[in-house]
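Engineer: Just need the structure, nothing else, for what follows:
(2 chains)
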There are 2 protein chains.
Amino acid sequence: MGELVSSIPALDPGPRLLCGPGPSNVNPEVLAKMNLSMNGHLDPDFWDVLLDLVEGLKALWRRPDGLSLCFSASGTSGMEAGFANLTQPGDKVLVIHAGFFGARIAEMARRAQTDVVELTAPLGQIVPLDHVEEALRANPDTKLVGVVHAETSTGVRYPVAELGAIVRAEAPEALLLVDAVTSLGGEEVSPTQWGIDYAYSCSQKSLGCPPGLSPFSVSPRALERIRDRKAPVSFSFDIDLLERYWIERPMTYHHTMPILQYYALYEGIRLSLEEGLERRWARHEDAGRYFQAAMRDRGYTFLSDPDHQLWELSAIDVPESVDGKEIQTRILREHGIEVGGGLGPTAPPIWRVGLMGVNANRETADRVLAAFDAVLPR
Amino acid sequence: MGELVSSIPALDPGPRLLCGPGPSNVNPEVLAKMNLSMNGHLDPDFWDVLLDLVEGLKALWRRPDGLSLCFSASGTSGMEAGFANLTQPGDKVLVIHAGFFGARIAEMARRAQTDVVELTAPLGQIVPLDHVEEALRANPDTKLVGVVHAETSTGVRYPVAELGAIVRAEAPEALLLVDAVTSLGGEEVSPTQWGIDYAYSCSQKSLGCPPGLSPFSVSPRALERIRDRKAPVSFSFDIDLLERYWIERPMTYHHTMPILQYYALYEGIRLSLEEGLERRWARHEDAGRYFQAAMRDRGYTFLSDPDHQLWELSAIDVPESVDGKEIQTRILREHGIEVGGGLGPTAPPIWRVGLMGVNANRETADRVLAAFDAVLPR
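Structural biologist: Residues are numbered from 1 along each chain as shown, chains lettered A, B, ... in the order given. Take a look at the predicted model:
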């Protein structure tokens, strides 16, 4: 049995340019809002803030109908919440995955006691759409299809618009669940047009807010499934209760919201709309293309199939005879820049560089490039 | 189908003295830490912060053994997580409740598909200990007993030390789950001495941090039950995975932590230890006693049985012929002070005044008293 301490050291974090897979640096304008007067979660003025935030979330998700809210939790919880609300034990679920976060969707499906069918591909690739088509034909009773839009572990984008069309054609009763953790705010995510029934994201990547929240968006038909659900659902993630709490106040109470985090998210969305979503996507694309071209010029290669390469996140192959972890540590310690390594014990040797939120620009890319040049001279 | 907005208004919250049931005003020293450089959740330096934070959490919970960590979620999720980890469907659970949050424990138990036995008492009272004793004798197969230590909806303290002794005597296999949301940091909570197997709290009340986190503490025997568990557990609340993520890094990943919230919690706990837990409890008691005596002098009465009156939270009976909601609104609008009303549709007419965290002092009590005097002249 250990001893109890009587004090802990003062907090003194070093400066960081956050160019890993997320979080990105918090936008200073967003951070400033966290210093505003904190109102209570049941304050009538905070309710007005929430109602405006709902409008902002709808605009961010480009979904005028259905429901767009936010879980007071991480994107991982947004993923879990999708299964909690949309599936019941025994439901057949098809999970399409080729990376850490896609595999986690399958794990969530198993924990939700669904009957999971998995389609996989090598890391850096996508599961071909015709394989999905075949799988749905073989499993017409599929209740839900899950996929990651922007796979943070490999830098690969899944063609969700095309997937949506296939799901509607082959399994009209199946809902489409999409992980938009790394894509929302950084590239097009269009749930209504693409046929996404449930999408979730996070606050700390392309939106430039601190981590802690999971914006989500639900289609009208997914809402029907939620309302028809018989099995008990997690209280924390109960979308029905959350809708009442956010929108039908003042007589409902669900949980004490992390108010300062919501101030931040509010400002992050306000700024995203002010910038314009299309311009924001273009800024992320420009930064990513610029960085990737410069790395290719230096002889680096990427894990991702070039046809499906993300712009907001690049998975760079660690050259042979280079110790990837050592380089990552030197970039952190000598340059104050966070870049990621491979995620999970089976990851290939890669570095993951994210240019997201306020860091999605060429100046930041140049700082990362300079750090690579310094620790790995050409 | 609604329209999508192209902008949302600027955020402009009014000033508030938060003297409701929580949150309390964030300690300015805590808030300052949220403006420090945000490191990534996988940064080696942030791992060091987490390890120090674990020591702080152990000291705060006064538990040298077992496991003391924090969920990246509200206290409500801490409650749910207890059932997710410690019970399996069909387990017999005894819930002792006489208020909104105690009733919520029973709701969580039902959602977890346990076999729930409920013991209740009128609002403002406690369930007598001999009723608990009888119930445990009648239900020797009880696997878990749940109770709220400081019932935020009524201002009542449950005698948890005495309850712990009864549970150990009558149902040695039953774990004791305690809601310490309003008590931790504001009065004594001693899980080891009292025989608490699982306790959870929040960040935004007596600790003076913003809402968003749920510190929790688990006994060694509860950890054994967690490790022997067969039914699948919620991923977000999986204590086994969280322990590995917090402590056995760097090869594990669970979720992206809300880093700025953890900076805040770290500082809140650091300051609590610096102040000294006993001194902090005494400060809360002094503020509460002072406020309650002054209100009694003015002729007000309280919902709580005086033998079980909390200090950090007072539930004041709304005098007959007074519109409680109107007074509450005027205190907010004319004095910038938040006080709470009754919680839930069946609540009696009460105001709830909290003097917690940085607000646990006589000066703040005087401001609340002055506001009551102004809107309800004697």
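Engineer: Now do the contacts for residue A:87.
Structural biologist: With contact taken as C-beta atoms under 8 Å, 6 or more residues apart in numbering or on different chains, residue A:87 is in contact with A:93, A:109, A:112, A:114, A:143-144. For the C-beta atoms, the positions are set from N, CA and C on the backbone; glycine is no exception.
Engineer: can you put those in JSON lines and add secondary structure, neighbour count and distance to chain B?
Structural biologist: Below are these laid out as JSON lines (DSSP: H, G, I helix; E, B strand; the rest coil; neighbours: other C-beta atoms under 10 Å in any protein chain shown; distance: C-beta to the nearest C-beta, whole Å):
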{"residue": "A:93", "secondary structure": "strand", "neighbour count": "27", "distance to chain B": "14"}
{"residue": "A:109", "secondary structure": "helix", "neighbour count": "26", "distance to chain B": "11"}
{"residue": "A:112", "secondary structure": "coil", "neighbour count": "25", "distance to chain B": "8"}
{"residue": "A:114", "secondary structure": "coil", "neighbour count": "23", "distance to chain B": "11"}
{"residue": "A:143", "secondary structure": "coil", "neighbour count": "20", "distance to chain B": "18"}
{"residue": "A:144", "secondary structure": "strand", "neighbour count": "27", "distance to chain B": "17"}
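Engineer: Can you give me the end-to-end span of stretch A:210-230?
Structural biologist: The first residue of stretch A:210-230 is 36 Å away from its last residue (C-alpha to C-alpha, to the nearest Å).
Engineer: Give the burial count for residue A:140, as a bare number.
Structural biologist: 12 (other C-beta atoms under 10 Å in any protein chain shown).
Engineer: repeat for residue A:118
Structural biologist: 18.
Engineer: Helix or strand: which one has the spatially closest residue to residue A:238 that is not a sequence neighbour?
Structural biologist: Nearest in space to residue A:238, with sequence neighbours left out and distances taken as C-beta to C-beta, 6 or more residues apart in numbering or on different chains, is residue A:85 at 7.4 Å. In this assignment (DSSP states H and E), residue A:85 forms part of helix A:75-86.
Engineer: residues contacting residue A:216?
Structural biologist: Taking C-beta under 8 Å, 6+ apart, one finds A:68-71, A:78, A:81-82, A:198-201 in contact with residue A:216.
Engineer: Helix, strand, or coil at it?
Structural biologist: Under DSSP: H, G, I helix; E, B strand; the rest coil, residue A:216 falls in the strand class.
Engineer: residues from the stretch 201-350 of chain A in reach of chain B?
Structural biologist: A:202, A:204, A:210-212, A:232-236, A:251, A:253-261, A:263, A:266-267, A:269-270, A:273-274, A:329, A:332, A:338, A:340, A:343-345 (C-beta under 8 Å from any C-beta of the partner chain).
Engineer: how far away is the residue of the stretch 101-250 of chain A at minimum distance from chain B from residue A:77?
Structural biologist: The stretch 101-250 of chain A approaches chain B most closely through residue A:212 (3.1 Å), counting by C-beta to the nearest C-beta. The spacing between residue A:212 and residue A:77, counted by C-beta to C-beta, to the nearest Å, is 10 Å.
Engineer: surely residue A:5 meets residue B:58?
Structural biologist: Yes. Between residue A:5 and residue B:58 a contact is recorded at 7.5 Å, counting by C-beta atoms under 8 Å.
Engineer: Break chain A into its domains for me.
Structural biologist: Annotated domains of chain A cover A:17-23+A:277-375, A:29-273 [automatic domain parsing].
Engineer: Same list, the ones you listed, but as CSV with mean pLDDT please.
Structural biologist: Shown next, in CSV, are these (pLDDT from 0 to 100):
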stretch, mean pLDDT
domain A:17-23+A:277-375, 97
domain A:29-273, 97
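Engineer: Comparing these, which comes out most buried?
Structural biologist: domain A:29-273 (a mean of 22; mean count of other C-beta atoms under 10 Å in any protein chain shown).
Engineer: now the residue nearest in space to the middle of chain A, nearest residue through space, not along the chain?
Structural biologist: With distances taken as C-alpha atoms, centre = their mean, residue A:181 lies nearest the centre of chain A, 0.7 Å away. Distances taken as C-beta to C-beta, 6+ apart put residue A:75 closest to residue A:181, at 4.1 Å, once the chain neighbours are dropped.
Engineer: Go ahead and confirm that neighbour touches residue A:184.
Structural biologist: No. The pair residue A:75 and residue A:184 fails to qualify as a contact (C-beta under 8 Å) at a distance of 9.5 Å.
Engineer: Overlap of the contact sets of those two?
Structural biologist: In contact with both residue A:75 and residue A:184: A:201-202, using C-beta under 8 Å, 6+ apart.
Engineer: Output the longest helix belonging to chain A.
Structural biologist: The single longest helix within chain A, with elements called by DSSP state H, is helix A:277-297.
Engineer: helices and strands around whichever helix or strand comes after that one, which ones?
Structural biologist: For helix A:277-297, the following helix or strand on the C-terminal side (DSSP H and E) is strand A:313-317. Using 3 or more C-beta pairs under 8 Å, 6 or more residues apart in numbering or on different chains; DSSP states H and E as the contact test, the elements touching strand A:313-317 are helix A:277-297, strand A:350-354.
Engineer: For the last one, report the contacting residues that lie outside it.
Structural biologist: Counting contacts by C-beta under 8 Å, 6+ apart, the residues outside strand A:350-354 that touch it are A:18-22, A:24, A:152-153, A:155, A:182, A:205, A:291, A:303, A:312-318, A:324, A:327-328, A:339-343, A:368.
Engineer: which ones are touching residue A:27?
Structural biologist: A:208-209, A:267-268, A:271, A:357-358 are the contacts of residue A:27 under C-beta under 8 Å, 6+ apart.
Engineer: how far away is it from residue A:34?
Structural biologist: According to C-beta to C-beta, residue A:27 stands 11 Å off from residue A:34.
Engineer: For those two, list the residues in contact with both.
Structural biologist: If you check residue A:27 and residue A:34 against C-beta under 8 Å, 6+ apart, no residue is contacted by both.
Engineer: who in the stretch 51-200 of chain A is up against chain B?
Structural biologist: Neighbours of chain B within the stretch 51-200 of chain A, by C-beta under 8 Å from any C-beta: A:52-53, A:55-56, A:58-59, A:62, A:64-65, A:72-77, A:80, A:84, A:100, A:107-108, A:110-113.
Engineer: Which one of the contacts of residue A:27 is nearest to chain B?
Structural biologist: Closest to chain B, out of all of these and judged by C-beta to the nearest C-beta, is residue A:267, at 6.0 Å.
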